[in-house]
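> Structure, please.
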Amino acid sequence: TTYTWQTLAELTGLETTPKTDESPGWTSYWSGREFGIDTLYSAGDFTSQMLRPQALSRFAPDGFLFGAHMLPSFHNVTALKDAGLAKVTVLLRDPRDATVSWVHHLRKMGAETRGYHSKIYGLPVDLWDWPHDRQMAFHVRTFLPLAVNWVEAWLEYYADPARELDIQLLLFDDLKTAPRRYFERILAFHGNTAQ
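A predicted model of the protein is given here:
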């Protein structure tokens, strides 16, 4: 996901949402405590992510790249509409593949990120001391169902005749097998051209 955002920023010259590393409270953000940071466009992450329409509205007039791992909840869809965002590209990844990647990234980030990730679901205190196969078994039981539900929710929203957002669905395999075409499709859908 981050690769997609960074590449689109390079191709279009658009800014991502403003960096908040210097904002008061930013250090606590990575500890899992994010309130009070006015520049954040959302709270939570993945299945708990909720957009903050007032923050999105500040960025939208000048055009910007906005990425999230959010569900298409009523709150999030309404926040996007309220901010004047009408088109969304959704990158779908096989939940099994996403789970394997998730386990890898959690192991790499280390136990100090447990608080941050508790915004998504509960993690055992000693998870990072477990052997890889036990960690994987835990995430298959806990994270995999969340990832399946995330994909199902976007597919259901896409198929809903009453939906109000224009949705582009892309597959993670598209990025792996034909990256140039993948980015061309995103740019065309949003009416942008590469610089």
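> can you tell me how far the nearest residue to residue 163 once chain neighbours are set aside sits from residue 136?
Spatially, and ignoring its direct neighbours in sequence, residue 163 is nearest to residue 157 (5.7 Å; Cβ to Cβ, 6 or more residues apart in numbering). Every C-beta, even on glycine, is put in place using the N, C-alpha and C of the backbone. Look at residue 157 and residue 136: by Cβ to Cβ, to the nearest Å, they are 30 Å apart.
> just checking, residue 79 touches residue 55?
No. Residue 79 is beyond contact range of residue 55, at 9.3 Å (criterion: Cβ atoms under 8 Å).
> now the strands: where do they sit in this protein?
42-43, 50-51, 87-92, 166-171 (DSSP state E).
> Please name the nearest non-neighbouring residue to residue 116.
Closest residue to residue 116 apart from its sequence neighbours, by Cβ to Cβ, 6+ apart: residue 32 at 4.7 Å.
> tally of neighbours for that neighbour?
Residue 32 has 15 neighbours, counted by other Cβ atoms under 10 Å.
> For it, which residues are in contact?
Taking Cβ atoms under 8 Å, 6 or more residues apart in numbering, we find residue 32 in contact with 114, 115, 116, 117, 118, 119.
> Could you tell me the per-residue confidence at the third one?
At residue 116, the predicted lDDT confidence score is 86.
> again with the last one
With respect to pLDDT, residue 119 has a value of 88.
> gap between residue 93 and residue 65?
Taking Cβ to Cβ, one finds residue 93 at 19 Å from residue 65.
> doesn't residue 168 make contact with residue 182?
No. Between residue 182 and residue 168 there is no contact under Cβ under 8 Å: 11.1 Å.
> Looking at these two, which is more packed in?
residue 182 (20 against 15).
> least trustworthy helix or strand in this protein by mean pLDDT?
The weakest-scoring helix or strand in the chain, judged by mean pLDDT, DSSP states H and E, is helix 26-29 (a mean of 64).
> all helices in the protein, in order from the N-terminus.
With DSSP state H as the criterion, the chain has helices at 2-12, 26-29, 53-59, 74-82, 95-109, 114-117, 132-159, 172-177, 179-189.
> hey, least reliable of these by pLDDT?
helix 26-29 (a mean of 64).
> how many other residues sit next to the closest residue to residue 167 other than its chain neighbours?
Spatial nearest neighbour of residue 167, chain neighbours left out: residue 158 (4.9 Å); criterion: Cβ to Cβ, 6+ apart. Residues lying near residue 158 (other Cβ under 10 Å) number 16.
> who's in contact with residue 158?
90, 167, 169.
> Out of these, which end up buried?
By neighbour count, with 16 or more other Cβ atoms under 10 Å, the contacts of residue 158 hold 90, 167 as buried.
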